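# Need a 3D model of the following:
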Amino acid sequence: MFTVIAAWLINAAGRPFAEPQEHDEPNATVANDWRVHVDQMHQHSDGIKTSLKEAKSYLDRLQEDIGKTLEKVSSREKYINNQLELLIQEHRGAQAKLSQARERYQQASGGVTERTRVLAEISEELERVKQEMEEKGSSMSDGAPVVRIKQSVTKLKQEVVQMSVRVGVVEHTLLQAQLREKSLMTRDMHATGPPEPAPGPFS
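You can find the predicted model right below:
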């Protein structure tokens, strides 16, 4: 109020004094200023209320949309976690089967190696017997007893037959082992194939 009066006095002092007019009254000026300020406050208040109402409506819709989006994200996250858990379990099972298959293959490979070594020893023994037969046959003289020669030849023939039988048995066993291990490896490879993805509600 004092500021308004001071401004009016300065304004009045800046021009020639004349007969007092209605607009020169300090009280009238102050009253007019207050009415203007009150009107402006009402206008601003109404504008704020309108803007607040519009903003509140927009924020309510935004909150509802965000809530729906979060619900969808949460549902999708649960679904993905379940699918990943199933895939992880299947992968672990496949890894375990693969490890078991490799272990059996290594064990079988060791058995095949051992049988191969035995077969080589038997083959060497058979070759040695054949060489002895040839050497004894070539070293026979007319003065040697016929009975002894026949016995030696018969014995050597029996040894050759026995060795041939052993070689056949070992070869058959080795072949069966190789076929069995090949079948096991083929079956394990098919069993440990990649799992098909399960269809989901969002696909």
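
# so where's the chain shaky on pLDDT?
1-32, 105, 108-112, 136-150, 153, 188-203 (pLDDT under 70).

# Near Lys97, how many other residues are there?
Neighbours of Lys97 under the rule other Cβ atoms under 10 Å: 14. Using the backbone N, CA and C atoms, a C-beta is placed for each residue, glycine as well.

# And the helix or strand hosting it, what does it pack against?
Element membership for Lys97, per DSSP states H and E: helix 26-138. Secondary-structure packing of helix 26-138 (3 or more Cβ pairs under 8 Å, 6 or more residues apart in numbering; DSSP states H and E): helix 2-13, helix 146-191.

# which residues does Ile122 contact?
For Ile122, the contact set (Cβ atoms under 8 Å, 6 or more residues apart in numbering) comprises 163, 166-167, 170.

# on that earlier part again, orientation of the helix holding Lys97 relative to helix 146-191 in degrees?
Angle, helix 26-138 to helix 146-191, by axes from the mean of the first three to the mean of the last three Cα atoms, to 10 degrees: 170 degrees.

# Residue numbering should commence at 4 henceforth.
Got it, first residue is 4 now, which makes that one helix 29-141.

# re the thing from before, export the contacts of Ile125 to a markdown table and append columns for distance to Arg38 and neighbour count.
As requested, the contacts of Ile125 are exported to a markdown table (distance: Cβ to Cβ, whole Å; neighbours: other Cβ atoms under 10 Å):
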| residue | distance to Arg38 | neighbour count |
| --- | --- | --- |
| Met166 | 133 | 18 |
| Arg169 | 129 | 17 |
| Val170 | 127 | 16 |
| Val173 | 122 | 18 |
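
# Correct me if wrong: Met166 contacts Leu129.
Yes. Using Cβ atoms under 8 Å, Met166 makes contact with Leu129 at a distance of 4.0 Å.

# Just give the number of residues close to Glu67.
Glu67 sits with 10 neighbouring residues when counted by other Cβ under 10 Å.

# can you check Val121 too?
15.

# need the contact list for it.
If a contact means Cβ under 8 Å, 6+ apart, then Val121 has Val173 as its contacts.

# Quick check: closest non-adjacent residue to Lys160.
Leaving aside its sequence neighbours, Lys160 sits nearest to Met136 (Cβ to Cβ, 6 or more residues apart in numbering; 8.0 Å).

# Report how many residues lie close to that neighbour.
Neighbour count of Met136, defined by other Cβ under 10 Å: 17.

# Was I right to think it contacts Met166?
No. Using Cβ under 8 Å, Met136 is not in contact with Met166; the gap is 11.6 Å.
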